[in-house]
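Visitor: Below are the sequence and a predicted model for it; my questions follow.
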Amino acid sequence: MQVKDVMTKEVKWVEVPGRRADALELLRKINASALPVVKQGTNELVGMITLKGLFEKPDEDQLAMLVDRNIISVEPDSKLEEAAKKMLGSMVRRLPVLKNEKLVGIITVRDIVHRAIAEMKIEKPAADYMRPHVIAIWDGTTLKAALEIMALSNFRGLPVINENGDLVGIIDDSDIIRVSDVEVDSKMSQMTGRSEGDSWTWDSEARIYITKRKLKVPEKLVRDVMTKDLITITRKTPISRVAQLMKQHKVDQTPVLSGDGKLIGLVRDIDLLRALV
């Protein structure tokens, strides 16, 4: 199979010049964690904007200053295995598809899992692809702390446990972005640039209002926004079946449970790409 066989051709993007709020609104709308950025009025690729980038620079409002310009791309005629290898090598979830330097599509981990692996009848068990060392998060953790843990662990989604250690949900960055907002913060700065020649200035002060837009994460806990209806698998679940479950329920990761219902691992959709390479 080739990239063009599974890529998304109707691409959603944001343009520069633009503002953070434009990207945040579209990310919410399409439930994604990254978007291509193009020059205004063209489909000439500038780079990618990520949810992580928006949170790392909460005081920056200009989209051009938030764009990651160091990106990897593929061509429509590239083999699917090549795209999967690039994603695994750089740990990115999407690649812009370029033809003659123009953006013609985007291929994501989800595209490959839903449109290829789910149809391949791969019988290898989930145990071959699961991550046995799972980073779980307590359901009483604040969203700000959860976001930091995701960034440090490089995991989009984390299993959630309660105070008894039981699996009670899963949370990912899209859950957090849905409840976050852009806050306008105005501060006044006073300047005392007075001149002895202008007597009227002695009783006046120049005031400058500095307005910034900050990404505001609400004071909520993980349990308030996590997904509670879990899709789980066992160590023996075939990989193509895992891909089918991810497609059917629109999830990016599935906890792996033991026979007695204990969390023993996690399979992420990007882990399934190893079946191709």
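Guide: Sure thing, it's come through.

Visitor: what's the neighbour count on Lys85?
Guide: For Lys85, the neighbour count with other CB atoms under 10 Å is 15. C-beta here means a position set from N, CA and C on the backbone, and glycine is covered the same way.

Visitor: quick one, what contacts it?
Guide: Lys85 makes contact with Val277, according to CB atoms under 8 Å, 6 or more residues apart in numbering.

Visitor: Can you mark which positions in the helix or strand hosting it are buried?
Guide: Assigned by DSSP states H and E, Lys85 belongs to helix 80-90. Residues of helix 80-90 classed as buried: Leu80, Glu82, Ala83, Ala84, Lys86, Met87, Leu88 (neighbour count, 16 or more other CB atoms under 10 Å).

Visitor: Please apply the same query to stretch 6-13.
Guide: Val6, Met7, Val11, Trp13.

Visitor: okay, the buried residues of helix 80-90 in JSON lines with distance to Val46 next?
Guide: Output for the buried residues of helix 80-90, formatted as JSON lines (distance: CB to CB, whole Å):
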{"residue": "Leu80", "distance to Val46": "26"}
{"residue": "Glu82", "distance to Val46": "24"}
{"residue": "Ala83", "distance to Val46": "21"}
{"residue": "Ala84", "distance to Val46": "25"}
{"residue": "Lys86", "distance to Val46": "20"}
{"residue": "Met87", "distance to Val46": "21"}
{"residue": "Leu88", "distance to Val46": "25"}
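
Visitor: Which one of those residues is nearest to Arg223?
Guide: Using CB to CB, Met87 comes nearest to Arg223 of the buried residues of helix 80-90, at 31.9 Å.

Visitor: Domains of the protein: list them as residue ranges, please.
Guide: 3-115, 126-173+221-275, 181-216 (automatic domain parsing).

Visitor: how near is the nearest residue to Met1 once chain neighbours are set aside to Ala118?
Guide: Sequence neighbours aside, Leu80 is the residue nearest to Met1 in space, at 4.4 Å (criterion: CB to CB, 6 or more residues apart in numbering). Going from Leu80 to Ala118 by CB to CB, to the nearest Å gives 13 Å.

Visitor: Could you do Lys39 as well?
Guide: 36 Å.

Visitor: These two: who's more crowded?
Guide: Set Lys39 next to Ala118 and count neighbours by other CB under 10 Å: Ala118 wins out with 21 against 12.

Visitor: And the closest residue to that one other than its chain neighbours, what's its pLDDT?
Guide: Counting by CB to CB, 6+ apart, Ala118 lies nearest to Ala243, which is 3.8 Å off, once chain neighbours are set aside. On the pLDDT scale, Ala243 is placed at 96.

Visitor: Same check on Trp138?
Guide: pLDDT at Trp138 comes out at 96.

Visitor: the strands in the stretch 151-277 of the chain, which residues?
Guide: Per DSSP state E, counting those that start in this stretch, the stretch 151-277 of the chain carries strands over the ranges 157-161, 167-172, 181-191, 206-216, 253-257, 263-268.

Visitor: hang on, the earlier thing: farthest pair within the buried residues of helix 80-90?
Guide: Most distant of those, by CB to CB, are Leu80 and Leu88, 12.6 Å apart.

Visitor: Can you get me the start-to-end distance on stretch 254-271?
Guide: 11 Å (CA to CA, to the nearest Å).

Visitor: and if you look at stretch 33-49?
Guide: Across stretch 33-49, the terminal residues are separated by 9 Å (CA to CA).

Visitor: before we move on, what about stretch 98-117?
Guide: Start-to-end span of stretch 98-117 (CA to CA) is 23 Å.

Visitor: Now find how far off-centre that stretch is within its chain.
Guide: Offset of stretch 98-117 from its chain centre (CA atoms, centre = their mean, to the nearest Å): 16 Å.

Visitor: Which positions within it qualify as buried?
Guide: Residues 98, 103-117 are the ones in stretch 98-117 that count as buried (16+ other CB under 10 Å).
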